[in-house]
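> got a structure for you, letters missing:
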């Protein structure tokens, strides 16, 4: 039985832990604050990249696998924890998008049920939408997951498992090296020995690797969101226009997002973002102009150059593994990414080709990157 330490308690860290525990490993999960309360909690939960046709095949492969897996994952978590992550297939409308032809070509190549729809369909599907939209792309099978509930269910499930130890509010974590091999971590004033360490700390991953003299090009990218209260069924599908989206929850709440800000590790919300998001809400769904949002928040995405995550062992540092750098698609790609990581660590046949995600050649020495 392997002893594995995972640094980072977001969706990537938690699902990595669950995969490894299911395979018989012992896992210690270390989170700098509370499990599931950073980017994984703050996102919108659309189980698709916002513009899937823009992404490389490496993203599509992980996304496709994860989309198929999410309903089973939600059912399993609800069964064990009585917390339903609410994976809801409500469909997504891309409104008056300039890239419709490119998107449809991509859908044909990928065999995706993405279609162009007319005005009549748009307003039959979403009667509360603002007037003036002329055409849209529509994919009926796309779902959203209620990510705070997903994270609560994952934490509850991990806490149930005897072979799992959760260490929260543990920010001071350092890697333990022995003749170039990673042998565990130092945290809370003690050394934790391990057969392997997984770095899944999202936007904070680069800081830990910098201690080894490695430059991981993962940077924090802030996103701010608003929450509105509505009646169940008022907004029947997700809608996306000019980079902003509205997402319905089963209980009637509506998420409106999101900004894309390079502001370091600053997670504060701003009046400027509030006004910009409120304007987008009113432009999409005019009835929201008469409402005050019930909440505003921000999260830090792990921005990476092309959005392709780093999944695999770090060259020259045996025992150190990465599962990070998912940028805007951490929730979308998590099931496949974490299954792939477990396959590689346990020397099983990988669920997808691991080559595009390998660390070798994508992480440099700090001196070389300057």
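Thanks, I have the structure now. For clarity, every value in this text was computed on a predicted model and none was experimentally measured.
> so what's residue 15 up against?
154, 334, 335, 337, 338 (Cβ atoms under 8 Å, 6 or more residues apart in numbering). Quick note: C-beta positions are derived from backbone N, CA and C, even for glycine.
> of the residues you listed, which is the nearest to residue 240?
Residue 240 lies nearest to residue 334 out of the contacts of residue 15, by Cβ to Cβ, at 21.0 Å.
> touching, the closest one and residue 17? I think so.
No - using Cβ atoms under 8 Å, residue 334 makes no contact with residue 17, being 11.8 Å away.
> how about the strands of the stretch 101-250 of the chain, start to end?
All strands of the stretch 101-250 of the chain, identified by DSSP state E, counting those that start in this stretch, fall at 114-117, 136-139, 143-144, 164-167, 173-178, 181-187, 190-193, 196-199, 214-215, 219-228, 238-241, 244-248.
> now those as TSV including mean pLDDT, mean neighbour count and distance to residue 206?
Shown next, in TSV, are the strands of the stretch 101-250 of the chain (pLDDT from 0 to 100; neighbours: other Cβ atoms under 10 Å; distance: least, Cβ to Cβ, whole Å):
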stretch	mean pLDDT	mean neighbour count	distance to residue 206
strand 114-117	98	16	35
strand 136-139	98	21	34
strand 143-144	98	24	29
strand 164-167	98	18	21
strand 173-178	93	16	14
strand 181-187	95	19	17
strand 190-193	94	12	22
strand 196-199	98	25	10
strand 214-215	94	18	8
strand 219-228	97	22	7
strand 238-241	98	23	30
strand 244-248	98	23	28
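> distance to residue 322 for those - can I get that in TSV?
Shown next, in TSV, are those (distance: least, Cβ to Cβ, whole Å):
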stretch	distance to residue 322
strand 114-117	32
strand 136-139	31
strand 143-144	27
strand 164-167	20
strand 173-178	12
strand 181-187	12
strand 190-193	19
strand 196-199	5
strand 214-215	10
strand 219-228	15
strand 238-241	31
strand 244-248	29
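> so which of these is nearest residue 319?
Closest approach to residue 319 among these (Cβ to Cβ): strand 181-187, 3.8 Å.
> how far does the closest one sit from its chain's centre?
The chain centre lies 26 Å from the centre of strand 181-187; the measure is Cα atoms, centre = their mean, to the nearest Å.
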